[in-house]
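S.K.: sequence unavailable; structure follows:
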């Protein structure tokens, strides 16, 4: 037993009010147990044995957080399923024979000062279920303290991103730029595209854009690039008339521009590819193109009814031919699966190409061809007296897709695209 011998101080003058000094044994190592104290005065009087419990714990508890699904089951680090997080606490007793009580919580808070520990000791594994998160994700943290006041922290291995809402479809309207779609999970998807309409003039519409559809197996995380075609412009040819975005054929300005005629640019194609860029820029990487919806040819109006014509429809596998009334000539022909359209007066004039419709030069008054897998031809003759007709439509494309098909002349205005999950 520990014995403490108490000595009277010199200042004491009354035995009834004696004060004693004593030496206390020092304890620095981890332990838990009783010490026993007995005091003896100068007269030899011995006190009863007293006891005191000494508990020293310097070891902080530790914790870990784990997930029931360790690897994300969706692309780009996202989970498609709800995740359960488990917090396991280890309260190392150090050199003590038994551990003291612990209190712990799981929280998304980044600071311990903002959390509240339970008022009674915590036991067992603590769990939390996490469902959908924002695009910023969440990080779960664990906070634990023991009875001695030692504290420990832990956190989940990384930021948690969850979206349990099944993907059904996504639609893409005209933006005048390249749009992207990241495949959310591996499976079969339906791709649909509508090309843009050619420019319209009063009473004579541009050809409507073609429709193409098909299915393809896609792998989670694959990025698709969607370019939606724009409708062709229209107006008087004293200034350039632009074709629609993504390959619509334009009409160059001409000095010989009588006020009795109006022209229009071709409609742009809509396509989906595994590479970024306008359709015409992918001529050296055609395998990246999954599907194309063709644009329609521009309409044409002349004060004489004998020259007026509506634009050729966007294909189909082949684009529609332009028209020029009973007097008009050199209308643009439609693009095909193997080559572009051109002026019906000359196979080398106002010719389209891969991804773009034929442009009308300054030597004639006609309208531009629609964009497509191969674009439609513009209406241009060999001199100012010929031409005076509308442009041809481009061709659509679905090679490499299953359950695929095309329909000519389906879309008015700007183009459109849609991606849907099949399974």
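M.R.: Yes, it's here. These figures come from a predicted structure and were not determined experimentally.
S.K.: what segments of the stretch 101-250 of the chain are strands?
M.R.: 102-107, 126-130, 141-146, 151-155, 169-172, 178-182, 187-194, 209-218, 223-227, 234-235 (DSSP state E, counting those that start in this stretch).
S.K.: so what strands line up beside the longest one?
M.R.: Its sheet considered, strand 209-218 pairs with strand 187-194 (antiparallel), strand 402-411 (antiparallel) by DSSP bridges.
S.K.: where does residue 99 land on pLDDT?
M.R.: Per-residue pLDDT puts residue 99 at 64.
S.K.: quick one: low-confidence ranges for the stretch 1-150 of the chain?
M.R.: 1-26, 94-99 (pLDDT under 70).
S.K.: tell me the centre residue of the chain?
M.R.: Centroid-nearest residue in the chain: residue 182, 5.9 Å away (criterion: CA atoms, centre = their mean).
S.K.: does that residue touch residue 75 like I think?
M.R.: Yes - contact criterion CB atoms under 8 Å: residue 182 and residue 75 qualify, at 6.3 Å. Glycine gets a C-beta too; all of them are placed from N, C-alpha and C.
S.K.: give me the common contacts of those two.
M.R.: Common neighbours of residue 182 and residue 75 are listed as residue 221 (criterion: CB atoms under 8 Å, 6 or more residues apart in numbering).
S.K.: distance between stretch 359-378 and the chain's centre?
M.R.: Stretch 359-378 sits 36 Å away from the centroid of its parent chain (CA atoms, centre = their mean, to the nearest Å).
S.K.: same thing with stretch 237-254?
M.R.: Using CA atoms, centre = their mean, the offset of stretch 237-254 from its chain centre is 34 Å.
S.K.: for it, give the mean pLDDT please.
M.R.: Rounded mean pLDDT across stretch 237-254 is 92.
S.K.: can you get me a residue count around the spatially closest residue to the residue nearest to the centre of the chain that is not a sequence neighbour?
M.R.: Closest residue in space to residue 182, ignoring its immediate chain neighbours: residue 223 at 5.4 Å, by CB to CB, 6 or more residues apart in numbering. Number of residues near residue 223 (other CB atoms under 10 Å) recorded here: 13.
S.K.: any idea how far residue 223 is from residue 180?
M.R.: 6 Å (CB to CB, to the nearest Å).
S.K.: circling back to that earlier point, contacts only, for the residue nearest to residue 182.
M.R.: 180-183, 274.
S.K.: how about the residues you listed in JSON lines, adding distance to residue 236 and pLDDT?
M.R.: Putting the contacts of residue 223 into JSON lines (distance: CB to CB, whole Å; pLDDT from 0 to 100) gives the following:
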{"residue": "180", "distance to residue 236": "38", "pLDDT": "98"}
{"residue": "181", "distance to residue 236": "40", "pLDDT": "96"}
{"residue": "182", "distance to residue 236": "44", "pLDDT": "91"}
{"residue": "183", "distance to residue 236": "46", "pLDDT": "90"}
{"residue": "274", "distance to residue 236": "41", "pLDDT": "98"}
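S.K.: tell me which two in those residues are the farthest apart.
M.R.: The most widely separated members of the contacts of residue 223 are 182 and 274, with 11.9 Å between them, by CB to CB.
S.K.: got any residues that touch both of the two?
M.R.: Joint contacts of residue 182 and residue 274 (CB under 8 Å, 6+ apart) are 222-224.
S.K.: so which of these comes closest to residue 294?
M.R.: So of those, ranked by how close each gets to residue 294 (CB to CB), first place is residue 224, at 19.2 Å.
S.K.: any idea how far that closest one lies from residue 183?
M.R.: Taking CB to CB, one finds residue 224 at 7 Å from residue 183.
S.K.: okay, and the common contacts of those two?
M.R.: Common neighbours of residue 224 and residue 183 (criterion: CB under 8 Å, 6+ apart): residue 218.
S.K.: all strands for the stretch 251-400 of the chain, in order.
M.R.: With strands called from DSSP E, counting those that start in this stretch, the stretch 251-400 of the chain shows them at 261-264, 270-273, 289-293, 301-302.
S.K.: any idea which of the ones you listed scores lowest on pLDDT?
M.R.: Across those, strand 301-302 gives the lowest mean pLDDT, at a mean of 86.
S.K.: what residues does that one touch?
M.R.: Counting by CB under 8 Å, 6+ apart, 201-204, 260-262, 308, 325, 328, 388 sit against strand 301-302.
S.K.: any idea how many residues pack against the nearest residue to residue 345 once chain neighbours are set aside?
M.R.: Ranked by CB to CB, 6+ apart and with sequence neighbours excluded, the top spatial neighbour of residue 345 is residue 330, at 3.8 Å. By other CB under 10 Å, the residues close to residue 330 number 26.
S.K.: isn't residue 330 right next to residue 341, touching?
M.R.: No - contact criterion CB under 8 Å: residue 330 and residue 341 do not qualify, at 12.0 Å.
S.K.: contact partners for residue 297?
M.R.: So, once contact is read as CB under 8 Å, 6+ apart, residue 297 ends up touching 198, 206-207, 249, 266-267, 311-313, 319-320, 322, 332, 334, 357, 367-370, 376, 390-393.
S.K.: how about the closest residue to residue 353 other than its chain neighbours, what does it touch?
M.R.: Leaving aside its chain neighbours, residue 353 sits nearest to residue 340 (5.2 Å; criterion: CB to CB, 6+ apart). Going by CB under 8 Å, 6+ apart, residue 340 touches 351-354, 358, 369, 374-377.
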